[in-house]
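1. Please find the sequence and the predicted model below.
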Amino acid sequence: MKQRIEQPLRHSCSTLFLIKYVLLGLILFFGVFCFFFGSIPYSLTLDPHNYHSVVAEDGVDPFFSGTVIKHDDSAGTFDLLHLDSLLPQSIPICDMKYSELIPCLDRHLIYQLRLKVNLTLMEHYERHCPPQERRYNCLIPPPNAYKIPVRWPASRDEVWKANIPHTHLAQEKSDQHWMVVNGEKINFPGGGTHFHDGADKYIIALARMLKIPGDKLSNGGNIRTVLDVGCGVASFGAYLLSHDIMAMSLAPNDVHENQIQFALERGIPSTLGVLGTRRLPYPSRSFEMAHCSRCRIDWLDRDGILLLELDRLLRPGGYFVYSSPEAYAQDPENRKIWNSMYSLLRRMCWRVVSKKDQTVIWAKPLSNNCYLKREPGTTPPLCSSDDNPDKMWNVSMKTCITPYSAKMHKGKSSGLLPWPQRLTEPPPRLEDIGISAEEYQSDTVTWRLRVSEYWKLMKPVVQKNTLRNVMDMNSNLGGYAAALHDRDVWVMNVAPIRSASKLRIIYDRGLIGTVHDWCEAFSTYPRTYDLLHAWMVFSEVLERGCSAEDLLIEMDRILRPEGFVIIRDHPSVINYLHKYLIALHWDGWGLEVEPRVDTLSLSEERVLIARKKLWRYGVTT
């Protein structure tokens with residue numbers, strides 16, 4: 001009897017031991033697996049998945065239910081607590097009617113939220129962002145016939161019509177040679193409202209008006225940054241590039257369909273914006289020249305507040321080029337406007353440098369001398385000493401003149417070297433933000449090394465002219481953009497609101513950029529950038545309690561198909577973002593590496609590089 005009992009017990013014990021060892025083996029296997037794939041660089045080899053075209057009802061995202069974020073201040077890193085079950089297997093696809101959605105410039109939203117905006121002040125063209133519950137947490141689809149864009153430099157003169165199927169401007173401006181529909185493509189002859197014979201000839205004419213040697217408008221590198229307001233399709237900015245001049249071409253999302261979308265599709269530096277009630281998102285003294293060619297702006301409105309905004313943005317001695325009927329037409333109405341404008345600009349101490357045919361060029365004073373000689377009570381007044389001209393994010397324009405500091409008044413210039421020397425030499429305004437020349441030079445060298453490493457990693461997949469429109473989402477001092485100077489790209493430098501003061505260094509280097517809050521959508525059309533570089537951007541967004549998922553979807557919106565993202569951040573952040581790549585269709589090619597430690601490494605970092613696939617609405621790719 002005893003023997004009969006021991007045999008089943010012995011058999012039961014051996015079974016338990018076997019199960020125990022099997023479980024132990026599985027635990028060790030998964031432990032080694034997770035350790036191996038979580039701690040070394042590796043290429044992403046992601047299998048294609050099915051994606052379903054669905055629309056989130058009322059714009060509410062059914063997939064993202066929030067992420068618990070814990071920040072360890074002592075370590076400077078994030079502990080992202082999440083469950084894999086909460087991560088989306090797919091992200092909804094927006095309805096095709098949203099294929100050109102710009103969330104913060106969506107006029108439908110203004111009507112839906114019943115916002116009270118003053119149409120005469122252009123408030124409806126300014127930023128109005130949707131509240132969290134009305135955000136479209138879905139991927140913006142490309143047009144069904146979308147093609148990979150024509151590559152630069154050919155794109156300056158032609159784009160695929162299927163990518164921007166709007167031909168209204170071609171008919172409306174047919175006599176001005178803005179654009180011409182030619183079969184499957186749209187061509188850009190380089191014309192404009194006041195330069196029918198082409199922007200290239202117009203630029204030479206401006207140089208001659210200013211008596212610049214050799215008819216080179218850059219004037220030996222002393223004219224580098226230009227603000228082109230009401231830029232149309234940005235042909236003026238396109239042709240300035242060959243003169244080593246960088247223009248920020250600006251136009252609103254108005255009835256002239258998709259001007260900036262055409263400009264960015266062409267590969268020309270440009271952005272959406274309007275001279276309305278708020279300051280433009282640029283620091284004071286950013287531009288050597290402002291340009292308006294029949295830009296349809298009422299410069300006399302509200303006691304000249306829009307001209308005073310240009311005054312804030314121009315450097316000492318900066319030019320305002322104005323080509324418009326008010327400058328030359330002799331009818332009573334235009335003469336009245338000209339006389340009023342001339343009187344206002346004289347009181348602002350601007351002077352006419354040249355006037356010929358349809359164009360007049362004014363110059364801003366070099367010092368405060370003229371302001372000090374004005375009669376008491378002269379309007380517009382000087383701004384008070386407590387007004388900061390470099391505050392530019394959601395700040396109302398001021399009806400006052402920004403005087404120069406004592407140092408600039410004495411120097412009678414911006415103190416900048418000509419281009420391209422100013423790209424790498426420490427600019428005078430460094431001391432305004434408490435950064436030494438040594439720190440600046442170190443930053444420049446470090447980014448040169450970082451960009452070199454990025455290019456080595458991407459070399460197998462980046463073909464010639466693959467990249468043109470680049471965005472640095474956290475521009476710091478502009479070192480990333482400076483390191484790309486010898487490549488045929490342009491960079492939109494974006495200063496997050498916490499570091500907005502550094503944007504003045506970007507412009508002093510001869511680069512362009514804007515300030516932005518990455519908790520909101522950026523002011524651009526979908527599919528407008530080939531490369532997005534995000535250094536510690538997600539960490540900052542998470543620290544502020546904003547959504548990493550929202551930012552990923554926004555990056556996808558502005559990224560062109562087959563475009564790249566380079567995300568450099570804490571390892572915990574990279575690990576978390578990595579889980580969204582398939583759902584975002586960013587699994588065309590990718591790499592994750594641990595970069596070398598350098599002078600900018602605040603803590604341990606990882607670099608994730610991924611490529612967006614070209615996918616189509618309702619089609620598995």
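-> Perfect, I can see it now.
2. What segments of the stretch 151-300 of the chain are strands?
-> Counting by DSSP state E, counting those that start in this stretch, one finds strands in the stretch 151-300 of the chain at the ranges 158-160, 180-182, 185-187, 225-229, 246-251, 270-272, 287-293.
3. the inter-axis angle of the helix or strand following the longest one versus strand 225-229?
-> Looking back up the chat, that one is strand 287-293. Following strand 287-293 in sequence order, the next helix or strand is helix 301-313 (DSSP states H and E). Put simply, helix 301-313 runs at 160 degrees to strand 225-229, going by axes from the mean of the first three to the mean of the last three Cα atoms, to 10 degrees.
4. just checking, what packs against helix 301-313?
-> Applying 3 or more Cβ pairs under 8 Å, 6 or more residues apart in numbering; DSSP states H and E, we find helix 301-313 packed against strand 287-293, helix 332-347. Where you see a C-beta, it was placed from the backbone N, CA and C, and this is true even at glycine.
5. What residues sit buried inside that helix?
-> Of all the residues in helix 301-313, those buried under the rule 16 or more other Cβ atoms under 10 Å are 304, 305, 306, 307, 308, 309, 310, 311, 312, 313.
6. What's the local residue count around residue 120?
-> The local packing of residue 120 (other Cβ atoms under 10 Å) involves 9 other residues.
7. Using the three-state scheme, assign it.
-> Secondary structure for residue 120, judged by DSSP: H, G, I helix; E, B strand; the rest coil, is helix.
8. Could you say which of the helices and strands packed on helix 301-313 is packed most deeply?
-> Compared across the helices and strands packed on helix 301-313, strand 287-293 shows the largest average neighbour count, a mean of 24 (mean count of other Cβ atoms under 10 Å).
9. Please name the strands paired to that strand in the sheet, noting orientation.
-> strand 225-229 (parallel), strand 314-323 (parallel) (DSSP bridges).
10. so which of the ones you listed comes closest to residue 153?
-> Proximity to residue 153 (Cβ to Cβ) singles out strand 225-229 among those, at 19.5 Å.
11. can you tell me the average pLDDT over that closest one?
-> Strand 225-229 shows a mean pLDDT of 97.
12. just to revisit the earlier point, need the helices and strands packed on helix 301-313 in TSV (columns: distance to residue 158).
-> Formatted as TSV, these follow (distance: least, Cβ to Cβ, whole Å):
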stretch	distance to residue 158
strand 287-293	22
helix 332-347	36
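13. Please verify my assumption that residue 269 contacts residue 250.
-> No: using Cβ atoms under 8 Å, residue 269 makes no contact with residue 250, being 10.3 Å away.
14. Next, name the residue at the spatial heart of the chain.
-> With distances taken as Cα atoms, centre = their mean, the residue of the chain nearest its centroid is residue 492 (4.7 Å).
15. Quick one, grab the pLDDT at the nearest residue to that one once chain neighbours are set aside.
-> Using Cβ to Cβ, 6 or more residues apart in numbering and skipping residues adjacent in sequence, the residue nearest residue 492 is residue 471, 4.6 Å away. With respect to pLDDT, residue 471 scores 98.
16. ok so residue 471 is a strand residue?
-> Yes: Residue 471: assigned to a strand according to three-state DSSP.
17. what's the spacing between residue 307 and residue 225?
-> Shown here: residue 307 relative to residue 225, a distance of 19 Å by Cβ to Cβ, to the nearest Å.
18. again, but for residue 289
-> As judged by Cβ to Cβ, residue 289 and residue 225 stand 8 Å apart.
19. Likewise for residue 579?
-> 41 Å.
20. Can you pick out the residue with more neighbours from the two?
-> Legend: neighbour count by other Cβ under 10 Å for residue 579 and residue 225, higher for residue 225 (24 against 12).
21. Report the beta-bridge partner residues of the more buried one.
-> residue 246.
22. sorry, back to before: does the residue nearest to the centre of the chain belong to a helix, a strand or coil?
-> Three-state assignment for residue 492 (three-state DSSP): strand.
23. Quick check: buried residues in the helix or strand hosting residue 439?
-> Assigned by DSSP H and E, residue 439 belongs to helix 437-458. Neighbour counts over helix 437-458 (16+ other Cβ under 10 Å) mark 440, 443, 444, 446, 447, 448, 450, 451, 454, 457, 458 as buried.
24. Tell me which of the strands of the stretch 151-300 of the chain lies nearest to residue 405.
-> strand 287-293 (18.2 Å).
25. now that closest one and strand 246-251, what's the angle there?
-> Counting by the same axes, to 10 degrees, strand 287-293 lies at 40 degrees to strand 246-251.
26. what does strand 287-293 rub up against?
-> Here strand 287-293 makes contact (Cβ atoms under 8 Å, 6 or more residues apart in numbering) with 192-195, 222-230, 232, 236, 247-248, 310, 313-315, 318-324, 507.
27. Same check on stretch 428-442?
-> With Cβ under 8 Å, 6+ apart, stretch 428-442 has contacts from 414, 415, 416, 426, 477, 501, 502, 504, 505, 508, 599.
28. ChimeraX command for the buried members of those residues?
-> Selection of the buried residues among those in ChimeraX, burial being defined by 16+ other Cβ under 10 Å:
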select :414,416,426,477,501,502,504,505,508
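29. Return the helix or strand in the protein with minimum mean pLDDT.
-> strand 68-72 (a mean of 35; mean pLDDT, DSSP states H and E).
30. Just the ones in helices from the contacts of stretch 428-442, please.
-> Under the assignment DSSP state H, the contacts of stretch 428-442 contribute 504, 505, 508 to helices.
31. OK, contacts around the closest residue to the last one other than its chain neighbours?
-> Think residue 508. If the residues on either side of it in the chain are set aside, residue 508 comes closest to residue 427, at 3.6 Å by Cβ to Cβ, 6+ apart. With contact taken as Cβ under 8 Å, 6+ apart, residue 427 is in contact with 415, 416, 505, 508, 509.
32. my guess is the fourth one meets residue 422, correct?
-> Yes: taking Cβ under 8 Å as the contact criterion, residue 508 and residue 422 are neighbours in contact, 6.8 Å apart.
33. Need the overlap of contacts for these two.
-> Listed as contacting both residue 508 and residue 422 by Cβ under 8 Å, 6+ apart are residue 416.
34. End to end on stretch 392-405, go ahead and measure it.
-> Separation of the first and last residues of stretch 392-405 by Cα to Cα, to the nearest Å is 19 Å.
35. coming back round to it: please verify my assumption that the residue nearest to residue 492 contacts residue 537.
-> No: the criterion here is Cβ under 8 Å, and residue 471 misses it with residue 537 at 10.7 Å.
36. between these two, who's got more neighbours?
-> residue 471 (27 against 23).
37. quick one: contacts for that one?
-> By Cβ under 8 Å, 6+ apart, residue 471 lies in contact with 491, 492, 494, 529, 531, 532, 533, 558.
38. How about residue 201: what's its closest non-neighbour residue?
-> Nearest non-adjacent residue to residue 201, counting by Cβ to Cβ, 6+ apart: residue 195, 6.9 Å away.
39. ok, how many other residues are close to the one you found?
-> As a burial measure, residue 195 scores 24 neighbours (other Cβ under 10 Å).
40. Give the bridge partners for it, please.
-> Bridge pairing for residue 195 - DSSP bridges - gives residue 192.
41. Can you check the pLDDT for it?
-> 79.
42. cool, and the one 4 residues further on?
-> Residue 199 is assigned 91 on the pLDDT scale.
43. From residue 188, how far out is the nearest residue to it once chain neighbours are set aside?
-> Using Cβ to Cβ, 6+ apart and skipping the chain neighbours, the partner closest in space to residue 199 is residue 239 (4.0 Å). Separation of residue 239 from residue 188 (Cβ to Cβ): 10 Å.
44. repeat for residue 123
-> Residue 123 is 31 Å from residue 188, by Cβ to Cβ.
45. Settle it for me: which of the two has more neighbours?
-> Using other Cβ under 10 Å as the criterion, residue 123 and residue 188 rank with residue 188 on top: 23 against 17.
46. which residues does the more buried one contact?
-> 156, 157, 158, 159, 178, 179, 180, 233, 235, 238, 262, 266.
47. Looking at those residues, which has the smallest pLDDT value?
-> Comparing pLDDT over those, the lowest reading goes to residue 178, 79.
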